Structure formats: C-alpha cells, structure tokens
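A.B. asks: Got a sequence here, can you build the structure:
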Amino acid sequence: MNDTTSTAEAMRLRALQAMTPTRRLDLALSWSKLLRDLMRSSLRQQHPHLSPAEIHRLYAEHLLGKELAFKAYGPT
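C.D. replies: Numbering: from 1, shown residues only. Alright, predicted model coming up:
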C-alpha cells in the first residue's frame, strides 16, 4: 500500500538527488539512530523490570537474532 502520490514521490526523489552524498549519508545515519533509539525505548516500556544490560541484550537479540546475540554476548 502506498499513501504517497506520484507527484509527491517525484518531489521527494528530486530533493534527494539535489543533496550531496554527505548530506544523504547524514540523513540515513540520523534516521538509523532514531530507529535504534525508538526500539530501545519501546523495549524499556515493554520490560520496565529489566536492567539496562538486559535491555541491551534484548535489543541485540532483536537486531541480530538469538543465535548471533548468543555468540556475541554469551548466554543470558
């Protein structure tokens, strides 16, 4: 499902193309950080009883999967 008109999408693409590669990278990195922060915040709301270390581990499991998180961080 797409809620963006073709005109708006064309404008968005022109705006992105007008940006320097550095600016596009800065935007991508800031969006990535925002999404990571939102995920951590959501995990803290869902699991208020967990310590910061436990939240970090849960975040790693969401991001990497349980098997890779286990390899990276050991058993929970």
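A.B. asks: tell me which element Leu25 is part of?
C.D. replies: helix 21-46 (DSSP states H and E).
A.B. asks: can you give me how far that helix is from the chain middle?
C.D. replies: Helix 21-46 sits 5 Å away from the centroid of its parent chain (Cα atoms, centre = their mean, to the nearest Å).
A.B. asks: Can you name the residues in contact with the following helix or strand past that helix?
C.D. replies: Using DSSP H and E, the next helix or strand after helix 21-46 towards the C-terminus is helix 52-64. With contacts defined as Cβ atoms under 8 Å, 6 or more residues apart in numbering, helix 52-64 is touched by 36, 39-40, 43-44, 47, 50, 69, 72-73, 76. The C-beta positions use only the backbone N, C-alpha and C, and glycine is treated the same way.
A.B. asks: rerun that using 10 Å as the cut-off
C.D. replies: With contacts defined as Cβ atoms under 10 Å, 6 or more residues apart in numbering, helix 52-64 is touched by 36, 39-44, 46-48, 50-51, 66-74, 76.
A.B. asks: what does stretch 37-46 give?
C.D. replies: With contact meaning Cβ under 10 Å, 6+ apart, stretch 37-46 is reached by 50, 52, 54-56, 58-59, 61-63.
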